[in-house]
Each structure stands twice: as structure tokens, then as C-alpha cells.
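Colleague: heads up, no residue letters with this:
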């Protein structure tokens, strides 16, 4: 899982990004799960839920994105790399690193924090407008058009969080494609937390999320070998392994 310095630095930058970008901001990924489950998780487990390392932001279109990209690049000093925005951070101090400093340090002393812009779809026109092919999540179309989101206040700003069942469906869409073990384990933690601590009854959230998720991705999730991941996830969350297994089995039925 992620080191404290990584999630603490990400949280610091999340606060900065939220403070400077135009609201309302749509938050996705691990930080969206954090804001959705943390109150119930803290109440039950007596500690804060797991933080994230990357920052995922949902955009309706190229216009809304372009209003934010200048701030990311010029004011916050993130560098565009393919479809992502990255900043190099010292793995022990949390200090921002220049490109030269990043190259001169041993690899284990540098971690890369990403801001990922995500769109409802990737079309030739959108690629032309952006200059790159972005990450797409088709469920965002319904989130925006049908207002399947919750409006919350964080850091004094208005954020849009997909409703728990939509957020869970996005996690189900993503988990089978993870090529890095730590990202897959974090997804399983987030999936488990959404099912148990989002405030939505367990049967309701899994039923709705399975209907929303891509059938192809859901089938891949059912075939995923996560036996070893479940124990790590349970330890990270402070839950019994059978509890985590029960959640995953329930989603796979």
C-alpha cells in the first residue's frame, strides 16, 4: 500500500488543487471514496480511512478542462506527460523536486504524484481539442447529465462526488485492468469500504453497482484471482479476512 508521506502529500496537493480550480469539481478515484466513507469508517474503526496517492478529476468536456489545465501547469507546476499531469516529490521529506533534482536522486527517494483528468468518452474531436487521448469513464455521462452525484463541502469548496453505487461501479470497471499489485489491492479496499461504510445498505449498493458496471469488466472482475490480495486488504482496513471475502463474493454472484 502507499506510504504515509505519499498520501499526506497527495492530500496537501488535493487541498491546493481544490482551492484553485473552478468549482464545482468532480472528484473520482481513491479520494472520492475517502470523502464518501470516511465518516462511517472513523465511527466504526476509530481511525481515518486510507488516503490515495493520485488525484482523479472528472470533466464534462474540453472547455471545463482547459479552465483548469493552465492552473495545474503554470501555478502548481505539474508537467503534462501523455494523458496525465505529474509532479516529482521527495519520498522522505515530501518536498517538491525539480526535473534536475529528480534525475539526480536515487529512484527510491522519488515518487511521482499524478493528476488524472477523466472524461465521459474519448472521441476524435475531443482528442483534437485536448491534444491527447484521455482516460474515459462512460458512467461519467450519467453522473453529469442525470445528476447522479452528491454535493459536499471540503476545504470550503463545493465538490461533486458520484453517488456510492456509481463510484463502486467505476471501481469495478477499473480493478481487473490493474497491472500493479498495490493499485489492485487499493481498489479492493475501496470496493470493500464502499459496500460497508458508504451508508447505502449492502444489498442495495452491490445490486445497483453490478447493473451499472460494464458487463465485460464485471466478468473480468469475477475471474480475477484476488485470494492473496484479500488478506492484505483486510489487514489494511482492520477487518476480518472473511468480511472482505464476503463483500467480494457478494459482488461476484
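Modeller: Received it, and whenever you're ready, just let me know what you need. Quick caveat: nothing in here was measured; it's all calculated off a predicted structure.

Colleague: only C-alpha atoms for contact and neighbour calcs from this point on.
Modeller: Fine.

Colleague: what stretches of the protein score poorly on pLDDT?
Modeller: Within the chain, the stretches with pLDDT under 70 are 1.

Colleague: what ranges does it have for its strands?
Modeller: With DSSP state E as the criterion, the chain has strands at 25-28, 55-58, 79-81, 84-90, 110-119, 135-136, 149-154, 157-162.

Colleague: can I get the ones you listed in CSV including distance to residue 183?
Modeller: Output for the strands of the chain, formatted as CSV (distance: least, C-alpha to C-alpha, whole Å):
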stretch, distance to residue 183
strand 25-28, 15
strand 55-58, 14
strand 79-81, 20
strand 84-90, 17
strand 110-119, 14
strand 135-136, 16
strand 149-154, 24
strand 157-162, 20
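
Colleague: dump these into CSV; add distance to residue 142 and mean neighbour count as well.
Modeller: Listed next are these as CSV, based on distance: least, C-alpha to C-alpha, whole Å; neighbours: other C-alpha atoms under 10 Å:
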stretch, distance to residue 142, mean neighbour count
strand 25-28, 13, 22
strand 55-58, 12, 22
strand 79-81, 28, 14
strand 84-90, 23, 21
strand 110-119, 12, 21
strand 135-136, 13, 16
strand 149-154, 9, 14
strand 157-162, 10, 21
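
Colleague: all helices for the stretch 51-200 of the chain, in order.
Modeller: For the stretch 51-200 of the chain, the helices defined by DSSP state H, counting those that start in this stretch occupy 62-70, 99-104, 124-130, 139-145, 164-175, 181-197.

Colleague: gap between the longest one and the chain center?
Modeller: Okay, so that is helix 181-197. Here helix 181-197 is found 11 Å from its chain centre; the criterion is C-alpha atoms, centre = their mean, to the nearest Å.

Colleague: just to revisit the earlier point, most tightly surrounded among the helices of the stretch 51-200 of the chain?
Modeller: Compared across these, helix 164-175 shows the largest average neighbour count, a mean of 24 (mean count of other C-alpha atoms under 10 Å).

Colleague: show me what that helix is packed up against.
Modeller: In terms of contacts (3 or more C-alpha pairs under 8 Å, 6 or more residues apart in numbering; DSSP states H and E), helix 164-175 is packed against helix 29-45, helix 139-145, helix 181-197, helix 202-212, helix 215-223.

Colleague: the same query, at a cut-off of 7 Å, please.
Modeller: If you count contacts as 3 or more C-alpha pairs under 7 Å, 6 or more residues apart in numbering; DSSP states H and E, helix 164-175 packs onto helix 181-197, helix 202-212, helix 215-223.
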